[in-house]
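In: With the sequence up front, the predicted model follows.
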Amino acid sequence: MEHYDAVIIGSGQGGTPLAKKLAQAGWKTALIEKELVGGTCVNNGCTPTKTMIASAKAAYTVAWAAKWGVEVPDFRVNLAAILHRKTQVVDQFRNGSQLGLENTANLTLIFGEAFFTGKKQIQITLTKGGSKVITANKIFIDAGTRPRVPDIPGLAEAGYFTSATLLDFNQIPEHLVILGGNYIGLEFGQMYRRFGSKVTILEHNKLFLKREDEDVAAEVQKFLRDEDIQIFTQASATRVTKTQNGLLITLETSGQESTMACSHILVAAGRIPNTNKLNVEAAGVKTDKQGYIVVNEKLETTAADIYALGDITGGPKFTHISYNDYVILYRNLLEQKHETTANRLVPYCLFTDPQVGRVGLTEKEARQQGQNIKVAKLPMTSVARAIETGDTRGLLKAIVDAESGQILGVAVVGQEGGEIMSVLQMAMVGKIDYKKMKEMVFAHPLYAESLNNLFLALDKTE
Ligand SMILES: Cc1cc2nc3c(=O)[nH]c(=O)nc-3n(C[C@H](O)[C@H](O)[C@H](O)COP(=O)(O)OP(=O)(O)OC[C@H]3O[C@@H](n4cnc5c(N)ncnc54)[C@H](O)[C@@H]3O)c2cc1C
Ligand SMILES: NC(=O)c1ccc[n+]([C@@H]2O[C@H](COP(=O)([O-])OP(=O)(O)OC[C@H]3O[C@@H](n4cnc5c(N)ncnc54)[C@H](O)[C@@H]3O)[C@@H](O)[C@H]2O)c1
């Protein structure tokens, strides 16, 4: 039986760098991957979607080019070429990552599906056939999540796409109905609308983008509706039937029943953890009711020397969070630090066009916590860069502590909204208060320069 200092299950955004780091530190390390190196982000998450969203943006720019005084008499979306470019980018990222692993001393990359057979014992069903059992001093679980498919009568028989399978479909759906109106629903919805599909989003929450402030959510809803994307909230599909012409969805919208015909369905209703086949109980690792691995702030599971990182812990499901979990683990294990996930800022960016960059507290959260706050807001119609470049959709919003002037949270809806949010995230981390931001010299006429006006407006309302 082979024995390792460390075994990592899953080559996701935390597992891959962790395997390299531990091996480079001299640990005899194995990384087990059941499918493709790079996990969700590289193969069917961030990388392919952001690559294809760039094509959708190009289609949008061409369609509206006359607005900038450029007349394009005719154009066509070539999905085959878009998918080809997407595959090339994904292959480049995955192959680079795999090569990096293969060229790391002390590191063995094993393709196969792992499951626990004992406290520190793992069996691997090898992709090339056969199986083997290995043991390790320390085990790290980075096995990620997969799409959650709601239990809707008729859905399985009628057929549906998930975010992973739609990325390889070589046709543009005539009418795409999306179940779920959050990250995946909105990014895919706008992308396929721009490729030429009719798009309807069914979100079962009462509030659209319920985690955001209502003014921010309304801004997003407006620019999506302006592109003729239909959005229904408090809407659930209760049955799906296959018809001669496509699919028929029975809907419940705000308590009213109706039907909607469509050509295809995309399920974008959240994710579930890949613990179903891991048999973690054999190792004494506890999971919660939804199957996520229970970890403490140091990412330690309920079993000694077994850790979990990334989406499978039930924390925020972002690539940068999985990566930061890796940083916490290696600092604690290799550098004897005491890093934790407590109070870590969780920035994110919704890659609609315009983007929604978000970090820290929303106004709603700050008020619920009873904080004494000031709220700064600036519409993109008042931002020079937005006016000059011809896209004034969106707004900047910052929540500020009324006494200290520290920035507590930010939402930026706009072109490069994620990048502008990151400027403010740096101010939050560096404790640069809004009064300094108000007078900071930014190059003219960048979006960042509008931060002067954002915070100037705050003092005008005092
Ligand atoms: C469509 C889509 C778009 C996204 N866009 C963004 C974005 O723009 N920005 C962002 O920050 N996040 C985005 N995300 C989320 C991001 O992809 C995830 O948060 C991130 O990939 C999680 O990484 P991870 O390390 O937890 O695991 P994963 O990347 O999911 O990797 C887990 C790996 O474990 C392997 N595995 C599972 N079980 C076993 C087993 N038993 N044995 C061996 N191997 C196993 C899997 O095959 C997989 O390779 C997106 C997700 C999706 C679905
Ligand atoms: N830009 C990014 O960072 C990015 C992009 C894509 C995905 N992701 C990550 O991937 C994860 C999955 O994304 P997601 O959008 O699938 O999940 P999500 O959990 O973010 O949103 C799912 C949405 O579907 C709704 N819903 C659930 N069941 C439904 C049903 N039966 N009918 C209608 N609506 C229903 C929920 O109310 C929710 O709004 C997210 O947690 C996110 O962190 C991130």
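Out: Done, it's in. Ligands and ions are numbered 1, 2, ... in the order given.

In: burial measure for residue 200, as a count.
Out: 20 (other CB atoms under 10 Å). C-beta: built from backbone N, CA, C; applies to glycine.

In: need the helices for the stretch 51-200 of the chain, in chain order.
Out: Ranges of helices within the stretch 51-200 of the chain are 79-102, 155-158, 163-166, 183-195, based on DSSP state H, counting those that start in this stretch.

In: What is the longest one packed up against?
Out: Yep, that's helix 79-102 we're talking about. With contacts taken as 3 or more CB pairs under 8 Å, 6 or more residues apart in numbering; DSSP states H and E, helix 79-102 sits against helix 15-24, helix 39-44, helix 46-63, strand 107-118.

In: Would you quantify the distance from residue 359 to residue 265?
Out: Separation of residue 359 from residue 265 (CB to CB, to the nearest Å) stands at 33 Å.

In: Those two: which has the busier surroundings?
Out: Between residue 359 and residue 265, counting by other CB under 10 Å, residue 265 is the more crowded of the two (26 against 22).

In: so what's the more buried one bridging to?
Out: Legend: beta-bridge partners of residue 265 under DSSP bridges are residue 177.

In: Make sure it is actually in contact with residue 155.
Out: Yes - using CB atoms under 8 Å, residue 265 is in contact with residue 155, at 7.3 Å.

In: Mutual contacts of the two, please.
Out: Both residue 265 and residue 155 are in contact with 237, 240, where contact means CB atoms under 8 Å, 6 or more residues apart in numbering.

In: got a list of what residue 346 touches?
Out: By CB under 8 Å, 6+ apart, the neighbours of residue 346 are 316, 318, 321, 359.

In: now the residues you listed: which count as buried?
Out: Among the contacts of residue 346, the ones that count as buried by 16 or more other CB atoms under 10 Å are 318, 321, 359.

In: Who's the closest spatial neighbour of the first one, skipping the chain neighbours?
Out: Distance criterion CB to CB, 6 or more residues apart in numbering; nearest residue to residue 318, sequence neighbours excluded, is residue 348 at 5.7 Å.

In: Is it possible to get CSV of the helices and strands packed on helix 79-102 that adds distance to residue 244, mean neighbour count and mean pLDDT?
Out: Putting the helices and strands packed on helix 79-102 into CSV (distance: least, CB to CB, whole Å; neighbours: other CB atoms under 10 Å; pLDDT from 0 to 100) gives the following:
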stretch, distance to residue 244, mean neighbour count, mean pLDDT
helix 15-24, 47, 24, 98
helix 39-44, 32, 25, 98
helix 46-63, 31, 18, 98
strand 107-118, 40, 18, 98
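
In: Which strand or helix spans residue 376?
Out: Assessed by DSSP states H and E, residue 376 sits inside strand 373-379.

In: what packs against that strand?
Out: On a contact count with 3+ CB pairs under 8 Å, 6+ apart, strand 373-379 meets helix 363-368, strand 395-401, helix 450-460.

In: Now do it and strand 395-401, the angle between them.
Out: Orientation check (axes from the mean of the first three to the mean of the last three CA atoms, to 10 degrees): strand 373-379 against strand 395-401 gives 170 degrees.

In: Would you pull up how far strand 373-379 lies from the middle of the chain?
Out: From the chain centre to the centre of strand 373-379 is a distance of 26 Å (CA atoms, centre = their mean, to the nearest Å).

In: Contacts for it, please.
Out: Here strand 373-379 makes contact (CB under 8 Å, 6+ apart) with 215, 363, 366-367, 392, 394-402, 408, 434, 450, 453-455, 457-458, 461-462.

In: how about a cut-off of 6 Å?
Out: With CB atoms under 6 Å, 6 or more residues apart in numbering as the contact definition, strand 373-379 has outside contacts at 363, 366, 395-400, 402, 453-455, 457-458.

In: For these, could you give me a markdown table that also reports distance to ligand 1 and neighbour count?
Out: Below are these laid out as a markdown table (distance: CB to the nearest ligand atom, whole Å; neighbours: other CB atoms under 10 Å):
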| residue | distance to ligand 1 | neighbour count |
| --- | --- | --- |
| 363 | 24 | 22 |
| 366 | 24 | 20 |
| 395 | 22 | 23 |
| 396 | 21 | 29 |
| 397 | 21 | 24 |
| 398 | 22 | 28 |
| 399 | 22 | 24 |
| 400 | 26 | 24 |
| 402 | 32 | 13 |
| 453 | 29 | 16 |
| 454 | 25 | 24 |
| 455 | 28 | 25 |
| 457 | 31 | 15 |
| 458 | 30 | 22 |
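
In: Just checking: the least confident one among those is which?
Out: Model confidence across the contacts of strand 373-379 bottoms out at residue 457, which has 82.

In: Which strand residues bridge residue 2?
Out: Going by DSSP bridges, residue 2 forms beta bridges with residue 134.

In: where are the low-confidence patches of the stretch 351-462 of the chain?
Out: Residue ranges of the stretch 351-462 of the chain with pLDDT under 70: 461-462.

In: same thing but at 50, please
Out: Across the stretch 351-462 of the chain, nothing is flagged by pLDDT under 50.

In: got the residues of the stretch 351-462 of the chain near ligand 1?
Out: Within the stretch 351-462 of the chain, the positions adjacent to ligand 1 are residue 351 by CB under 6 Å from any ligand atom.

In: Might you name the residue of the stretch 351-462 of the chain sitting closest to ligand 2?
Out: The nearest approach of the stretch 351-462 of the chain to ligand 2 comes at residue 351, 4.9 Å away (CB to the nearest ligand atom).

In: Might one say that that residue is in contact with residue 189?
Out: No - the criterion here is CB atoms under 6 Å, and residue 351 misses it with residue 189 at 11.9 Å.

In: Those two: who's more crowded?
Out: When residue 351 and residue 189 are compared for neighbours, residue 189 comes out ahead with 27 against 21, by other CB under 10 Å.

In: Contacts only, for the more buried one.
Out: Listed by CB under 6 Å, 6+ apart, the contact set of residue 189 reads 178, 199, 201, 229.

In: now it: how far from ligand 1?
Out: Distance of residue 189 to ligand 1, computed by CB to the nearest ligand atom, to the nearest Å: 12 Å.

In: Could you find the closest non-adjacent residue to residue 80?
Out: Using CB to CB, 6+ apart and skipping the chain neighbours, the partner closest in space to residue 80 is residue 170 (6.6 Å).

In: Residue 83 versus the one you found, what's the distance?
Out: Residue 170 sits 7 Å away from residue 83, going by CB to CB.
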